[in-house]
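[1] sequence first, predicted coordinates after that:
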2 protein chains.
Amino acid sequence: MKQGAKDAPTTLWDRTRQLASQEILETALRLFTEQGYDETTIAQIAREAGVSQRTLFRYFGTKEDLLGGDQDRFRQVLTDTISAQPAEAGIWEVLRAGVTAVLALHDSRDQALERFRLLHNTASLRAGWLEKRLRFQEDLLPLIEARMDAAAGGTTPRARAVIATAFACLDAASMTWVANDGKGDIMDLYDECLAAVRG
Amino acid sequence: MKQGAKDAPTTLWDRTRQLASQEILETALRLFTEQGYDETTIAQIAREAGVSQRTLFRYFGTKEDLLGGDQDRFRQVLTDTISAQPAEAGIWEVLRAGVTAVLALHDSRDQALERFRLLHNTASLRAGWLEKRLRFQEDLLPLIEARMDAAAGGTTPRARAVIATAFACLDAASMTWVANDGKGDIMDLYDECLAAVRG
DNA sequence: CGACAGATTGGCAGTCGCTGCCAAAGGTGA
DNA sequence: TCACCTTTGGCAGCGACTGCCAATCTGTCG
């Protein structure tokens, strides 16, 4: 019988898994920042983390996952936050709240900066990242569409455009933030970008 | 001394290359639409096109290039078109002109539809496509930035956001266009999307 | 025509990300 | 302690992609 909700069944296995996962993650991030993403091989990460390649791939399905973190968590927070917004809120406020929530998921400002830096400087990473983001956008579609004025006919393309625009502003903001070495607040840049677009 | 500009030195080599390139391209597009992008291997394309894998990779550096076509041409047309816009034109008109020009590059409506369909339905393709598109956006940055009001301080993030928004609308438009099996005009959808964003 | 120089090609081995399979090692509960 | 189940590592293999080398083909010049 499971007591509580989430912390009870801490078996040795769970703890070991936790440790291994953390060790792999830290090794990967370290090597990535030291010598670059493309220049770091899975074999090297596995070796330095003390596990076999096969095991590494069991923890993290792809090389990108070593940097992207828990993708499902992002999705969860995003959709939850947006669903929780009051019905009277405007679309842009709703999306802004979603963006804020996702940004808050990073452990620290420095870690966020390091990840963004790698992301914006590595073509192969960018590609995967943009693709995953597109999937997030599709997840948000029904939520945003429900908040739009249906009088003007098909809302789907309009909703898609609005969502994509919000993410585009986040992109522009984070790029500038990285270029400025983390100076200032991302959300300020986001607001500035959105204002320029809707100007 | 090269006469004319481009058609004179038609040696046997050039003609052979031209033929091989075309054969490979057609074979690839056929197989992609028949059995899907991921399910088609380079080995199969090479076999059916009558060349070796090695040669195929000499013509097209990556598998994606078999569908993306001449990327440099896109870039060229885009930047040229935008540069050619009158100085008094608004940013959004300028970007709209660029989008129109790029769309006009497709051979036929059917071919465009087929490519967009593959693009939107294949995750691995989408990733590469989005990444290339991001590079286009960076190319456009200086051109757009020069047309923006510098009074409000740093124009870079704002220019980036505006450019990305234009492409985001093109995305939403083309997705809807594909979903509608090519009915209607993409630019109408584009305008609708942009209106929804700037509304 | 014949021969040399340069372009083009094919094949082969090898790298890297990633997967399926199988046997061994380790934790778990009765 | 004894099954039982999870986790692990190793190995072979696939597909995209590259470097290297030898064979072939084209253009040209004497």
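    Arrived safely.
[2] and the end-to-end length of stretch A:52-65?
    One end of stretch A:52-65 to the other measures 17 Å (C-alpha to C-alpha, to the nearest Å).
[3] so is that stretch next to chain B?
    No. Shown here: stretch A:52-65 not in contact with chain B (C-beta under 8 Å from any C-beta of the partner chain), separated by at least 9.9 Å. For glycine as for every other residue, the C-beta is placed from the backbone atoms N, C-alpha and C.
[4] hmm, who's touching that stretch?
    When contacts are defined by C-beta atoms under 8 Å, 6 or more residues apart in numbering or on different chains, stretch A:52-65 is touched by residues A:17, A:20-21, A:24, A:42-43, A:45-46, A:49, A:66, A:71, A:125, A:128-129.
[5] same check on stretch A:93-105?
    Outside stretch A:93-105, the residues touching it (C-beta under 8 Å, 6+ apart) are A:73-74, A:77-78, A:81-82, A:85, A:89, A:112, A:140, A:144, A:147, A:162-163, A:166, A:170, A:186-187, A:190, A:194.
[6] and stretch A:143-162, what's buried?
    Residues of stretch A:143-162 classed as buried: A:143, A:144, A:145, A:147, A:155, A:156, A:157, A:158, A:159, A:160, A:161, A:162 (neighbour count, 16 or more other C-beta atoms under 10 Å in any protein chain shown).
[7] what about it, average pLDDT?
    Mean per-residue pLDDT for stretch A:143-162: 87.
[8] in chain A, what residue comes closest to DNA strand D?
    residue A:55 (2.9 Å; C-beta to the nearest atom of the strand).
[9] need the per-residue pLDDT for that residue.
    Confidence score, pLDDT, at residue A:55: 96.
[10] where does the most centrally placed residue in chain A fall, secondary structure wise?
    By C-alpha atoms, centre = their mean, chain A has its centre lying nearest to residue A:74, at 5.5 Å. Per DSSP states H and E, residue A:74 falls inside helix A:71-83.
[11] give me the buried positions along that helix.
    For helix A:71-83, by 16+ other C-beta under 10 Å, it's A:74, A:75, A:77, A:78, A:79, A:81, A:82.
[12] need the residues of chain A near DNA strand D, please.
    A:13, A:16, A:17, A:20, A:50, A:51, A:52, A:53, A:54, A:55, A:58, A:59 (C-beta under 7 Å from any atom of the strand).
[13] check the residues you listed and tell me the two furthest apart.
    Maximum pairwise distance in the residues of chain A next to DNA strand D, criterion C-beta to C-beta, is 20.9 Å, between A:13 and A:53.
[14] when the two are compared, which one has more neighbours?
    Using other C-beta atoms under 10 Å in any protein chain shown as the criterion, residue A:13 and residue A:53 rank with residue A:53 on top: 13 against 9.
[15] could you pull out the helices in chain A for me?
    All helices of chain A, identified by DSSP state H, fall at A:12-35, A:42-49, A:53-59, A:65-68, A:71-83, A:91-103, A:109-121, A:123-145, A:156-179, A:186-198.
[16] now those helices as a markdown table including distance to residue B:38?
    Below are the helices of chain A laid out as a markdown table (distance: least, C-beta to C-beta, whole Å):
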| stretch | distance to residue B:38 |
| --- | --- |
| helix A:12-35 | 26 |
| helix A:42-49 | 21 |
| helix A:53-59 | 19 |
| helix A:65-68 | 19 |
| helix A:71-83 | 20 |
| helix A:91-103 | 29 |
| helix A:109-121 | 25 |
| helix A:123-145 | 14 |
| helix A:156-179 | 24 |
| helix A:186-198 | 35 |
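[17] ranking those by burial, who's on top?
    Highest mean neighbour count among the helices of chain A (mean count of other C-beta atoms under 10 Å in any protein chain shown): helix A:156-179, with a mean of 24.
[18] so which elements touch it?
    Here helix A:156-179 touches helix A:91-103, helix A:109-121, helix A:123-145, helix A:186-198, helix B:156-179, helix B:186-198, going by 3 or more C-beta pairs under 8 Å, 6 or more residues apart in numbering or on different chains; DSSP states H and E.
[19] of all those, which one comes closest to residue B:35?
    For the helices and strands packed on helix A:156-179, proximity to residue B:35 was assessed by C-beta to C-beta; helix B:156-179 is nearest, at 19.1 Å.
[20] pull the CA atoms of the closest one into CSV?
    Output in CSV follows, covering the C-alpha atoms of helix B:156-179 (Å, rounded to 0.1, in the frame of the first residue of the first chain):
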residue,chain,number,x,y,z
THR,B,156,18.4,44.1,-33.0
PRO,B,157,16.0,42.2,-30.8
ARG,B,158,13.0,44.0,-32.3
ALA,B,159,14.1,43.3,-35.8
ARG,B,160,14.7,39.7,-35.0
ALA,B,161,11.2,39.4,-33.6
VAL,B,162,9.6,41.1,-36.5
ILE,B,163,11.4,38.8,-39.0
ALA,B,164,10.6,35.7,-37.0
THR,B,165,7.0,36.7,-36.8
ALA,B,166,6.7,37.0,-40.6
PHE,B,167,8.1,33.5,-41.0
ALA,B,168,5.9,32.3,-38.3
CYS,B,169,2.9,33.5,-40.2
LEU,B,170,4.2,31.9,-43.3
ASP,B,171,4.4,28.7,-41.3
ALA,B,172,0.9,28.9,-40.0
ALA,B,173,-0.3,29.7,-43.5
SER,B,174,1.5,26.9,-45.2
MET,B,175,0.3,24.4,-42.6
THR,B,176,-3.2,25.4,-43.1
TRP,B,177,-2.8,25.3,-46.9
VAL,B,178,-1.5,21.8,-46.8
ALA,B,179,-4.3,20.7,-44.5
